[in-house]
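Colleague: Sequence plus the predicted model coming up.
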Amino acid sequence: MSDLDRNYASPFGRAAGRVDAATVDAGLRAYMLRIYNYMTTGLAITGLAALGIYMAAVTTDPSAAAAKFGNAFLTPFGYAMYVSPLKWLFILAPLAMVFAISFGINRLKPATAQLLFWAFAALMGISLSSIFLVYTHTSIVRVFFITAASFGALSLYGYTTKRDLTGMGSFLIMGLFGLIIASLVNIFLASSMLQFIVSVVGVLVFAGLTAWDTQRLKNDYIYGYASQGGDVADRAAITGALSLYLNFINLFTLLLQLLGQRD
């Protein structure tokens with residue numbers, strides 16, 4: 001769901017004029033740090049929201065349970081969140097928020113866009129909270145740190161490499177749409193083998209997107225935002241954080257499907 005919308009297009013061509021190199025270097029470091037700070041804060045909000053919803057949704061007292069989900073007993077709140085039709089609201093709400101931020105970013109004040117990003121991160125946490133019912137908590141933590149280490153290495157590669165990754169973009173986008181189609185088909189087929197293939201290919205696609213997006217964000221600043229700044233750069237930092245956040249979340253969920261231990 002969270003991988004359906006992305007801000008792929010770079011708004012600046014390579015022919016844009018440069019400003020002083022030292023100024024660009026200092027500004028670039030501050031710009032990328034802002035992006036990573038936004039992304040990290042968003043992930044923290046997602047984690048706290050997921051854990052909070054899960055804790056409110058389960059009970060150890062069977063007599064107080066409204067339903068059973070696997071080995072867990074659900075409170076009335078948990079039943080509403082994970083069993084009742086209300087669950088679709090929280091599943092689809094993050095997707096709607098992504099579209100709202102992506103297509104409305106140029107009309108939003110940076111402070112408003114930032115609040116929307118925090119709201120999106122919270123909704124994503126609510127949507128992902130069910131993983132605590134499916135996978136052991138130890139495996140969730142383990143896969144999170146594996147994802148964080150992998151994401152950090154891939155993003156660092158995208159930032160530091162001298163190789164132009166632009167050509168990867170079209171290939172990765174095609175792979176992304178292929179994943180979406182395969183995932184939709186598997187809703188009806190319920191094939192474990194197809195799910196395994198989707199997870200493996202998905203990890204490779206989002207690994208490439210992490211490096212590609214990082215280089216794209218770096219180049220966008222050097223060839224455009226360095227000479228503009230202000231609200232334009234502030235809004236770009238938020239959409240950049242959203243792109244990297246989506247890469248991280250998708251890497252995490254796909255790796256969890258491959259490496260997570262079911263409860």
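Modeller: Received, thanks.
Colleague: ok, then the element right after the longest helix along the chain?
Modeller: When the chain is parsed with DSSP state H, its longest helix is helix 21-57. As assigned by DSSP states H and E, the chain's next helix or strand after helix 21-57 is strand 58-59.
Colleague: who does that following strand pair up with?
Modeller: Strand 58-59 has its sheet partners listed here by DSSP bridges as strand 72-74 (antiparallel).
Colleague: Now the longest helix of the chain: buried residues?
Modeller: 24, 27-28, 31-32, 34-36, 38-39, 41-43, 45-47, 49-50, 53-54, 57 (16 or more other Cβ atoms under 10 Å). Where you see a C-beta, it was placed from the backbone N, CA and C, and this is true even at glycine.
Colleague: so residue 182 touches residue 199, yeah?
Modeller: No - applying Cβ atoms under 8 Å as the test, residue 182 and residue 199 come out as separate, 10.4 Å apart.
Colleague: May I have the residues that are in contact with residue 248?
Modeller: By Cβ atoms under 8 Å, 6 or more residues apart in numbering, the residues touching residue 248 are 39, 43, 147-148, 151, 210.
Colleague: Show me where this structure has its helices.
Modeller: 21-57, 76-82, 87-104, 110-128, 131-134, 137-160, 168-189, 192-222, 230-259.
Colleague: Go through these and name the closest to residue 70.
Modeller: helix 131-134 (5.9 Å; Cβ to Cβ).
Colleague: buried set for the closest one?
Modeller: Neighbour-count burial for helix 131-134 flags 131-133 (criterion: 16+ other Cβ under 10 Å).
Colleague: Show the low-confidence segments of this protein, by residue range.
Modeller: For the chain, the stretches with pLDDT under 70 are 1-23, 226-229.
Colleague: Let me know whether residue 253 touches residue 128 as I believe.
Modeller: Yes - using Cβ under 8 Å, residue 253 is in contact with residue 128, at 7.4 Å.
Colleague: Can you lay out the buried residues of helix 131-134 as CSV showing distance to residue 73?
Modeller: Formatted as CSV, the buried residues of helix 131-134 follow (distance: Cβ to Cβ, whole Å):
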residue, distance to residue 73
131, 18
132, 13
133, 11
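Colleague: Which one of these is nearest to residue 86?
Modeller: Looking across the buried residues of helix 131-134 and measuring by Cβ to Cβ, the closest to residue 86 is residue 133, at 16.1 Å.
Colleague: Next, the contact list for the closest one, please.
Modeller: Contacts of residue 133 (Cβ under 8 Å, 6+ apart): 54, 58, 69-70, 72, 82, 263.
Colleague: And the residue nearest to residue 234 when sequence neighbours are not counted, how close does it get to residue 128?
Modeller: Excluding the flanking residues, the one nearest residue 234 by Cβ to Cβ, 6 or more residues apart in numbering is residue 110, at 3.7 Å. Distance, residue 110 to residue 128, by Cβ to Cβ, to the nearest Å: 27 Å.
Colleague: hmm, back to that, which other helices and strands contact the longest helix of the chain?
Modeller: Under the contact criterion of 3 or more Cβ pairs under 8 Å, 6 or more residues apart in numbering; DSSP states H and E, helix 21-57 touches helix 76-82, helix 110-128, helix 131-134, helix 192-222, helix 230-259.
Colleague: JSON lines for these, including distance to residue 164?
Modeller: JSON lines is the format used below for the helices and strands packed on helix 21-57 (distance: least, Cβ to Cβ, whole Å):
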{"stretch": "helix 76-82", "distance to residue 164": "46"}
{"stretch": "helix 110-128", "distance to residue 164": "29"}
{"stretch": "helix 131-134", "distance to residue 164": "37"}
{"stretch": "helix 192-222", "distance to residue 164": "8"}
{"stretch": "helix 230-259", "distance to residue 164": "19"}
